[in-house]
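>>> What shape does this take:
(2 chains)
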Amino acid sequence: MKRDDLKVTPTRRDVLKGLGATGAIALGGLSARYAQAQSAEPIRIGFQLHRTGIGASYGRWYERTATAALKVLNDQGGINGRPVEILFEDDGTDPRRGAEVVEKLVMQARCDVVMGTLFSHVVMGSAPRAGELRVPYLVCSEGHHVASGALNRWVLQPGITDVKSQVQSMAPFVTQNLGRKVTMVFPDYAFGHDHRDFFTAAVAAQGGEVIKHIAIPPTETSFTRYFPQIPRETEVLYHVMVGPSVLTFVKELGEFYGSGARPQLFGFIDSLEAVAIDSPGLEFLEGSHFWEGHPRYRQDDAGEHEDLYRAAVGVDANGASVTDPRDVSTYSHMFSVWETLFILKRAMEAAEYRGPADRQAVVEAMEAMTEFPEGLEHPQGPKLFNGRTHQAFGLQSISQVRNGRLVRVHRTAMEDGFYPDEVDYTTMSF
Amino acid sequence: MTARILWTHVGALAALLAAHVLLPAYHHGNLARIMVLAIYATGYNIAFGYTGLLSLGHALFFGAGLYAAGLTAYYTGLPGWLALLAGPVAGGAVALALGSFALRTAGVAFMIVTLMFAQAFHLAILYLGRWTRGDEGLVIARASRQLFGLDLADGSVRFLVAWALFALTMVAALIIARSGLGRVMVAMRENEERSRMLGYDPYMTKLIALGLSGAMSGLAGGAYALLFGYVGASLASVQYSILPLLYVLLGGAGTVLGPLIGTVAMFYLIDLASNVTDAHQLVTGAALVLLILFAPRGILGSIRDRFARWIP
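This next block holds a predicted model:
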């Protein structure tokens, strides 16, 4: 934890200054609650941050998004009239350190809740400790681990749809618009296996067929030798490579097909989060389609809340930092931090949270939630929350690369991503 | 065994036990984790510190114990003690199997062979994702983390079990270090050819040392799985082959208490550095460079050289 991070973010002074300037106009009837807030202990939120390690590019933007959301939240009056602090602690994107960070945030920094984790293995490594410490652990991971029932009652994912739902909701568009014979290229570990299993089943349900699975070992640095395995009759090539090798993968794929006929390409933007879509070597992606959780490029129909969200986080219309156009955001995932923070606010207020003794009530309040309407608190779109599985469901976007930009061509229906419950956490003890 | 050696080590174990009631909650939890990692470092020290086997593949033995215990607890209804026992058995068996041919090499070749097999194991975990869930790993349910009716997810129980396992390992290491076998191991480290000329069998001595080292590493892996409830491929990655080497170098190679001291020092170096800067790994690296420059025998090794040559 950096020394700076131990300060209030923003500082209590900032909060009070903000109140002085805007309170009467913006907060209206909440002024009485602020009078209490000045004497109230801040609510402390521990943020398990991938500041270093393989998740660092995500972590950088998760931190910025959380900080921006916190400012809005405090400007709105905090939680139950109490100011809110976030304490960021680097977990090195490592599951053992992740568990240690949860301990540190809860037992040493006295945080009321812990949130923000993205990488699935860190979630899995940390969740048991969060359960033992009986602290709400709100992950922003998109992994299926929560809804699969692998974790415990203290772990929830209210701010982002899980990968099973995301993948499943892509199948109707792919089979109806791109082709029915699909070859999948994916990394040969859990993330890739999730895509393999969920998409194969979803395509079959739509009357299509995955005709070939090509699993790429995680140590691979060149992919040319795998491309001849792509069957000639392939109509859609589904790719979901991640990590530094993505650029090589796309470049070599372009060299393999050259200017000749090629199947339709469909990928998950996870491959290119924090990477400029117009980077040299990615020209081959022109015309291809991507899943996006939240469209990186500002769309023509963007609403007021979308613009407010971009401005607050500091993202321009191209999805890059307003201060550095080369610093591309992880736009399809980082909204989850923003939305999770506001869901936490609602849950804590519903539970009338006063201190750690009320942590269980926060989880129960969240389990009772069902719907999050689109708006400033939910700029990515409306969501339904399943309290039994602790998992949110939202709308997904399919974008096409046109002139080096991602343009949304389809938005899924909420029900496209539904699947039968695999767990009922509410029947588990705390 | 002289009285001061005995009392030094009994005192160390007593101090750790006293920490159970004295430490604040956060450091209490840390120490439980440190003791498990110190078991691993103690095992590594048997191979590296005493026998001179510089392995870069001990994550294989730690991982074998981790998955043997973890998968037993996850997939079977067997009692916790059997799952825990599976850790050292798997670690020791894998070490003996690997050692049976890796010990035909020495020096850099031994480092490369051990590194290679550990990497192969790591990739096998990913490849067998259907059962291991690969990089994501598995969470061991609380109900499966019971040992003779004790709930290993409970902080006090976890600490005391970690302490008992560490005590067992440390006493075993002390007995080995003071035994005839220990002296032969040191002889192998110092001059293998001369030992051979005196009639000792270097291959068998090193194989036994590697087997003991693997069993201790496997015990640490099994303990981690059951005490902390998670098994994942990253815990068998190359990083976990380097960590015990650093713990041992920092604490003092070839000393019984050095691995514990090194693990404590490294853990808190990272923890405290991360309070000050994002570049905590740089701080850790700089500290290690300084250590190599000014105390190449590690903390306890330097103390032994300068003040107390009786320390085993």
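>>> how about low-confidence regions in the chain?
No chain was given, so I picked chain A. Scanning chain A with the threshold set as pLDDT under 70 gives A:1-39, A:243-244.
>>> my bad, chain B
Along chain B, the parts satisfying pLDDT under 70 run over B:1.
>>> Now the residue nearest the centre of it: closest residue in space that isn't a chain neighbour?
Nearest to the geometric centre of chain B sits B:Tyr40, at 1.0 Å (CA atoms, centre = their mean). Nearest residue to B:Tyr40 in three dimensions, chain neighbours excluded: B:Ala220, at 3.6 Å (CB to CB, 6 or more residues apart in numbering or on different chains). Where you see a C-beta, it was placed from the backbone N, CA and C, and this is true even at glycine.
>>> Report the secondary structure state of the one you found.
Classification of B:Ala220 using DSSP: H, G, I helix; E, B strand; the rest coil returns helix.
>>> neighbours around the residue of the stretch 201-350 of chain A found nearest chain B, how many?
When scored by CB to the nearest CB, the stretch 201-350 of chain A has A:Pro218 as its residue closest to chain B, at 6.1 Å. By the criterion of other CB atoms under 10 Å in any protein chain shown, A:Pro218 has 20 neighbours.
>>> before we move on, what about the one 10 residues further on?
Here the number of neighbours of A:Pro228 (other CB under 10 Å) works out to 7.
>>> related to what we said a few turns ago, if I read this right, the residue of the stretch 201-350 of chain A closest to chain B contacts B:His122, doesn't it?
No: using CB atoms under 8 Å as the test, A:Pro218 is too far from B:His122 to be in contact (9.4 Å).
>>> Show the backbone phi and psi for A:Phe385.
The phi/psi pair for A:Phe385 (degrees, to the nearest 10) reads phi -120, psi 130.
>>> give the contact list for it.
A:Phe385 is in contact with A:Pro158, A:Ile343, A:Met366, A:Met369, A:Thr370, A:Glu371, A:Phe372, A:Gln391, A:Ala392, A:Phe393, counting by CB atoms under 8 Å, 6 or more residues apart in numbering or on different chains.
>>> Check the gap between A:Ile269 and B:Leu257 for me.
As judged by CB to CB, to the nearest Å, A:Ile269 and B:Leu257 stand 52 Å apart.
>>> swap in B:Asp305?
B:Asp305 is 15 Å from B:Leu257, by CB to CB.
>>> Which single residue of the stretch 51-200 of chain B ends up nearest chain A?
Closest residue of the stretch 51-200 of chain B to chain A, CB to the nearest CB: B:Glu136 (3.8 Å).
>>> tell me the contacts of that residue?
Here B:Glu136 is in contact with A:Ser120, A:His121, A:Met124, A:Gly143, A:His145, A:Tyr189, A:Ala190, A:Phe191, B:Gly232 (criterion: CB under 8 Å, 6+ apart).
>>> just B:Leu103 next, same as before
Listed by CB under 8 Å, 6+ apart, the contact set of B:Leu103 reads B:Phe110, B:Tyr203, B:Lys206, B:Leu207, B:Leu210.
>>> what helix or strand is A:Gln299 on?
According to DSSP states H and E, A:Gln299 maps onto no helix or strand at all.
>>> Which residues are in contact with A:Leu253?
A:Leu253 neighbours (CB under 8 Å, 6+ apart): A:Phe223, A:Phe227, A:His239, A:Phe284.
>>> quick one: contacts for B:Leu235?
Contacts for B:Leu235 (CB under 8 Å, 6+ apart) come out as A:Pro95, A:Arg96, B:Ala59, B:Phe62, B:Gly63, B:Leu66, B:Gly137, B:Gly221, B:Tyr224.
>>> Now the residue lying farthest from the centre of chain B. Its backbone dihedrals?
Of all residues in chain B, B:Met197 has its C-alpha farthest from the mean position, at 32.0 Å, by CA atoms, centre = their mean. Main-chain dihedrals, B:Met197, degrees, to the nearest 10: phi -60, psi -30.
>>> Close to chain A: what parts of chain B are there?
Contacts of chain B with chain A, taken as CB under 8 Å from any CB of the partner chain, map to B:24-26, B:29-30, B:33, B:123, B:126-127, B:129-130, B:133-140, B:142, B:153-155, B:228-230, B:232-235, B:271, B:274-278, B:280-281.
>>> Double-check A:Ile269 against A:Ser332; I have them as touching.
Yes: with contacts counted by CB under 8 Å, A:Ile269 reaches A:Ser332, the gap being 4.9 Å.
>>> which residues do these two both contact?
A:Trp291, A:Glu292, A:Gly293, A:Arg296.
>>> which one among the contacts of B:Leu235 gets closest to A:Val167?
B:Gly137 (20.8 Å; CB to CB).
>>> what about B:Trp7, how many neighbours?
Neighbours around B:Trp7, by other CB under 10 Å: 11.
>>> sorry, back to before: return a PyMOL selection command for the buried portion of the contacts of B:Leu103.
The PyMOL command for the buried members of these (criterion: 16 or more other CB atoms under 10 Å in any protein chain shown) is given here:
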select buried, chain B and resi 110+206+207+210
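>>> any chance of the contacts of B:Leu103 in TSV, plus secondary structure and distance to A:Val182?
TSV is the format used below for those (DSSP: H, G, I helix; E, B strand; the rest coil; distance: CB to CB, whole Å):
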residue	secondary structure	distance to A:Val182
B:Phe110	helix	47
B:Tyr203	helix	55
B:Lys206	helix	53
B:Leu207	helix	52
B:Leu210	helix	49
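>>> In the contacts of B:Glu136, find the pair that's most separated.
Farthest-apart pair in the contacts of B:Glu136 is A:His145 and A:Tyr189; separation 14.2 Å (CB to CB).
>>> need the contact list for residue 96.
Using chain A here. Counting by CB under 8 Å, 6+ apart, A:Arg96 touches A:Gly125, B:Ser234, B:Leu235.
>>> That was the other one, I meant chain B.
B:Leu207, B:Leu210, B:Gly211, B:Gly214.
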